[in-house]
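Novice: Got a sequence here, can you build the structure:
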Amino acid sequence: MKYTTLANTNLKVSKICLGTMTFGNQNTENDAHSQLDYATGRGVNFIDTAEMYPIGGNAETFGNTEKHIGSWLKKTRKRDNLVIATKIAGPNRGMTYIRNPLNFSKKSITTAVELSLKNLQTDYIDLYQMHWPERVMNMFGQRGVQHIDPFWTDNILDVLNTFDGLIKAGKIKHIGVSNENPYGVMRFLMESEKHNLPKIVSIQNPYSLLNRLYEVGLSEIALRENIALLAYSPLGFGFLSGKYLDGFPEKSRMKAFPQFIRYTNENCFKATKLYKTLAEENGMTSSEMALAFVNQQQLVAATLVGATTLDQLKSNIDAFDVVLSEDVLKEIEKIHELVPNPAP
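Specialist: Alright, predicted model coming up:
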C-alpha cells in the first residue's frame, strides 16, 4: 500500500480510501465489518463516510453507516491507527429527517458533528467535509451555471468561524469541501487567509474516465494551493466496469437507484464501450484500467473505492497495482477527445 500526507496536515493516508455508502442498506453490519477488516488488512487506513449514508437512505436508515463503522471501531480498537472522514449534508435535497432546516448554520454544524461523533464512537473526526454547497450550483448532472442562486446569502466566514471553534475544542482536526466548484473553493480560501481561519485541505469531487471536469477549473487552484483531491466514483457508479452495457440487472446499484442518472446517457455508453475495448486489448479489465488511470494522476491524493461484496473490494484494491503504459495513456486521451466528460 502506498501512502501520502495531505498538505497542511499531519494526516498520512493510504492512496486508497474506503468508501462506505453501502453500509446499512445494501450491506449489513456484518458485511461492513468484513469489508473494514479486509481493507485495513490490506493497508488501507483512510475511511470515508457521511452523516446521510447509507445511499438510498431514509429516516429509518439515517446514520446507519456511521454506526456500523463505530461498532467496528469499538470492537477492534483501531481508531488511533486510522484517518476517519465524514460529511455534513447540505440543503436542497429534501432530507428534512436529518435536520430542519438543513443548512450550515452554527447550530446545524455543531449538531451534526456531535451526532457523527456519537455514531462513530470516537472523540474526534480527522477530516470533516461539507457534502455539497448550500447554494444551488452545477453539481449532480449539471454542466454549468447560467443563473446564480438568489436565495443564498454568503455565510462562508460564519461557517469557518464555527469550524474554528470545533477544531479548537478538539472535535475535528481538518475541514474539506465536496461537490464544489472553483468559486466556492476560492471563497473559502479568501476568507480563511483574510481572517486567519482554518483552510480547507481537501476537495472530494467525482473524477473518472467519464468525468474529468475537475481538470477544467479546480485542478490549478488545488495544485497551487496544496489542496488534496479525494476522487470519488472512479468507476462511474460501477458503470466503467462495463457490466451495465447490456442493461441494468435487478439487484444492481443502477437499478436500485435510478435517480443517479449522471452515468446513463448515450455518450456514457459510447465512451465506456471504447474504454472497455482498449482495456481488453491491453490485457486488463475495464475496472482495472479505470482505477489505474485515476490513481496515476498527479492531481489525485487518494481514490475512494467502495463495493457491495468482498470479491469486488478485493478486485478494486488489486487494481491499484496496475500501471498504465504511456501508449495506453495516449489512447485514453484520444477517447477523451472524442467523447469528453460524458457524465457531468
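Novice: C-alpha only now, for contacts and for neighbours.
Specialist: Noted.
Novice: okay, now residue 244: neighbour count?
Specialist: 17 (other CA atoms under 10 Å).
Novice: wait, what's in contact with residue 341?
Specialist: 209, 210, 211, 212, 213 (CA atoms under 8 Å, 6 or more residues apart in numbering).
Novice: Local confidence estimate at it?
Specialist: Residue 341 carries a pLDDT value of 96.
Novice: List the residues that contact the closest residue to it other than its chain neighbours.
Specialist: Closest residue to residue 341 apart from its sequence neighbours, by CA to CA, 6 or more residues apart in numbering: residue 211 at 4.6 Å. Counting by CA under 8 Å, 6+ apart, residue 211 makes contact with 236, 340, 341, 342, 343, 344.
Novice: what number of residues lie near the first one?
Specialist: Counted with other CA under 10 Å, residues neighbouring residue 236 total 22.
Novice: wait, it sits on residue 263?
Specialist: Yes. Contact criterion CA atoms under 8 Å: residue 236 and residue 263 qualify, at 6.5 Å.
Novice: Please enumerate the shared neighbours of the two.
Specialist: residue 210.
Novice: Now do the helices in this structure.
Specialist: 29-41, 64-76, 106-120, 156-168, 182-195, 214-225, 253-256, 266-281, 286-296, 310-318, 326-338 (DSSP state H).
Novice: Bridge partners for the residue sitting nearest the centre point of the chain, pull those for me.
Specialist: Of all residues in the chain, the one closest to the mean position by CA atoms, centre = their mean is residue 232, 3.9 Å from it. Taking DSSP bridges as the rule, residue 232 bridges to residue 206.
Novice: where does it sit relative to residue 340, distance-wise?
Specialist: With distances taken as CA to CA, to the nearest Å, residue 232 is found 18 Å from residue 340.
Novice: Then residue 63?
Specialist: 36 Å.
Novice: Kindly report the same for residue 121.
Specialist: 43 Å.
Novice: quick one on the thing from earlier: closest one to residue 140 among the helices of the chain?
Specialist: Nearest of those to residue 140, taken as CA to CA: helix 214-225 at 13.3 Å.
Novice: what's the neighbour count on residue 176?
Specialist: For residue 176, using other CA under 10 Å, the count is 26.
Novice: I'd say it and residue 205 touch.
Specialist: No. Using CA under 8 Å as the test, residue 176 is too far from residue 205 to be in contact (10.8 Å).
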